[in-house]
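J.: Could you work out the structure for the sequence below:
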Amino acid sequence: MIAIIDYGAGNLTSVERAVTYLGYEGKITADVDTILSSEKVIFPGVGAAGATMDNLNAHGLADVLKSCYKTGKPMLGICIGIQILFDYSEEGDTECLGILPGIVDKFEATPRLKVPQIGWNEVHQTQSHPIFEGVPNPAHFYFVNSYYPIPAQLTAVIGKTTYGVEFCSVVARQNLIATQFHLEKSGRVGLKMLGNFLQSK
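T.: Modelled structure (predicted):
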């Protein structure tokens with residue numbers, strides 16, 4: 001069973017449908033025991049960093065996510081799920097999970113650059129990784145974000161995108177993978193990457 005973390009955000013059902021479409025059992029849950037006993041964990045969703053961390057802390061889920069990482073359970077973060085992995089987000093002056101060292105910064109709006117970024121953009125693979133198996137390089141994925149991660153450890157960065165600035169759009173470290181873009185909304189290549197995660201050991 002694939003645990004899809006329920007922390008009161010939207011967009012969870014679209015991830016559940018994508019998991020089911022790929023032939024796996026996904027369950028939207030906030031139950032600690034269910035999450036800890038799951039085969040894999042997906043932390044998706046949209047929302048603000050402060051509200052996300054408040055909800056995670058209120059339900060004991062922040063500690064659960066840290067425990068899943070420490071015990072080696074395969075984890076996938078999507079959209080806000082990549083941002084809260086780091087130490088700190090400028091959004092709401094928020095202390096995040098601190099699983100990965102680094103911060104989250106905001107895009108600077110200009111007359112030609114709207115914030116948030118909404119729509120398709122290219123992801124360039126900067127390191128080979130099983131999550132990219134069968135995925136063209138570059139490939140287009142669907143983004144909705146005003147903020148972007150700045151990892152302190154560049155070795156964790158496996159994909160980059162440019163939106164005014166070049167930023168990290170995919171990270172991987174040990175049992176953890178996370179994307180700034182929405183795999184579940186990115187058509188065939190998004191489903192391919194999600195499938196690569198689901199079939200990984």
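J.: Next, the residue lying closest to residue 21 once chain neighbours are set aside: phi, psi?
T.: Nearest-residue entry for residue 21: residue 191, 7.3 Å, with adjacent residues in sequence omitted and distances by C-beta to C-beta, 6 or more residues apart in numbering. In this view, the C-beta of every residue, glycine as well, is placed from N, C-alpha and C. In terms of degrees, to the nearest 10, the main-chain angles of residue 191 are phi -70, psi -30.
J.: quick one, what contacts residue 191?
T.: 18, 21-22, 183-184 (C-beta atoms under 8 Å, 6 or more residues apart in numbering).
J.: The residue lying closest to residue 181 once chain neighbours are set aside: how many residues sit nearby?
T.: Nearest residue to residue 181 in three dimensions, chain neighbours excluded: residue 141, at 3.8 Å (C-beta to C-beta, 6+ apart). Neighbours of residue 141 under the rule other C-beta atoms under 10 Å: 25.
J.: Identify the residues contacting the helix or strand that contains residue 141?
T.: Following DSSP states H and E, one finds residue 141 within strand 139-145. With contacts defined as C-beta under 8 Å, 6+ apart, strand 139-145 is touched by 46, 79, 107, 116-123, 161, 163, 169, 179-183, 185-187, 189-190.
J.: Also stretch 100-117?
T.: Residues from elsewhere that reach stretch 100-117 (C-beta under 8 Å, 6+ apart): 49, 83, 85-91, 96, 143-153, 156, 163-165, 171, 173, 176.
J.: Swap in 6 Å and give it another go.
T.: With contact meaning C-beta atoms under 6 Å, 6 or more residues apart in numbering, stretch 100-117 is reached by 83, 85-86, 88-90, 143, 145-147, 149-153, 163-164.
J.: ok, now stretch 46-53?
T.: With contact meaning C-beta under 6 Å, 6+ apart, stretch 46-53 is reached by 9-11, 79-80, 83-84, 89, 91-92, 94.
J.: switch to 7 Å and redo it
T.: With C-beta atoms under 7 Å, 6 or more residues apart in numbering as the test, stretch 46-53 has contacts from 7, 9-11, 62, 79-80, 83-84, 89, 91-92, 94, 96, 104, 144.
J.: about what we covered before: can you convert the contacts of residue 191 into TSV and add a column each for secondary structure and pLDDT?
T.: Formatted as TSV, the contacts of residue 191 follow (DSSP: H, G, I helix; E, B strand; the rest coil; pLDDT from 0 to 100):
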residue	secondary structure	pLDDT
18	helix	97
21	helix	97
22	coil	98
183	helix	97
184	helix	96
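J.: what's the farthest-apart pair in these?
T.: 21 and 183 (12.0 Å; C-beta to C-beta).
J.: Quick check: neighbours shared by these two?
T.: The contact sets of residue 21 and residue 183 do not overlap (C-beta under 7 Å, 6+ apart).
J.: neighbour-wise, which of these two wins?
T.: Between residue 21 and residue 183, counted using other C-beta under 10 Å, residue 183 has the larger neighbour count: 26 against 13.
J.: Show me the helices in this structure, by range?
T.: With DSSP state H as the criterion, the chain has helices at 12-21, 32-37, 49-58, 61-70, 80-83, 187-199.
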